[in-house]
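Colleague: predicted structure and sequence below. I'll ask about it afterward.
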Amino acid sequence: MPKKTKTQLKKKLDVLWRTVGKENAVCEICATLPPNERINYTQLHCHHLIGRLSQATRYSLENRIILCSYHHSLGDFSAHNRPEWFRGWLKEHKPEQYEFMIEHQHDLKNWTTQELEEKIRNLSEPMLN
């Protein structure tokens, strides 16, 4: 079987990053709201705390938060439309992930093929159980 290219490996990692552990997930912002204020959209999105252009953290699950489409990008109070509000919410409700974001926001990385293959194995393990 021919070796996969870095581009193919990165595409597979993007899919895994978006799907691992999402089966029974709920919007992490809605979960902190009183029941009458929750949006309850059924479509969930995975949001990068540190943007996707940062290769060092792009495939890290610590760099992911699961949000409904309203809190991801559609609503007035969403991660994309109000990043300052979102950072405040994250600091209050998810302090470990907030610290991860602050600590790693300037990390640089250029993945080797072997490292990408290892990341795929690590992200695939939860799916095997």
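Modeller: On my side now, so go ahead.

Colleague: wait, what's in contact with residue 55?
Modeller: 108, 109, 110, 111 (Cβ atoms under 8 Å, 6 or more residues apart in numbering). (C-beta placed from N, C-alpha, C; glycine too.)

Colleague: could you measure from residue 17 over to residue 122?
Modeller: 11 Å (Cβ to Cβ, to the nearest Å).

Colleague: what's the answer for residue 73, then?
Modeller: Computed with Cβ to Cβ, the distance linking residue 73 and residue 122 is 28 Å.

Colleague: residue 84 should be in a helix, yeah?
Modeller: Yes. Counting by DSSP: H, G, I helix; E, B strand; the rest coil, residue 84 is found in a helix.

Colleague: between residue 17 and residue 122, which has more neighbouring residues?
Modeller: residue 17 (20 against 14; other Cβ atoms under 10 Å).

Colleague: need the pLDDT of the more buried one.
Modeller: Note for residue 17: predicted pLDDT of 96.

Colleague: for the residue sitting nearest the centre point of the chain, give its distance to residue 35.
Modeller: The residue lying closest to the centre of the chain (Cα atoms, centre = their mean) is residue 64, at 2.1 Å. Between residue 64 and residue 35 the computed distance is 25 Å (Cβ to Cβ).

Colleague: how about the helices in this protein?
Modeller: Ranges of helices in the chain, per DSSP state H, are 6-19, 69, 83-93, 95-104, 113-128.

Colleague: reformat the ones you listed as TSV; add distance to residue 54.
Modeller: Listed next are the helices of the chain as TSV, based on distance: least, Cβ to Cβ, whole Å:
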stretch	distance to residue 54
helix 6-19	13
helix 69	23
helix 83-93	15
helix 95-104	8
helix 113-128	15
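
Colleague: for the ones you listed, which one sits closest to residue 52?
Modeller: helix 6-19 (8.4 Å; Cβ to Cβ).
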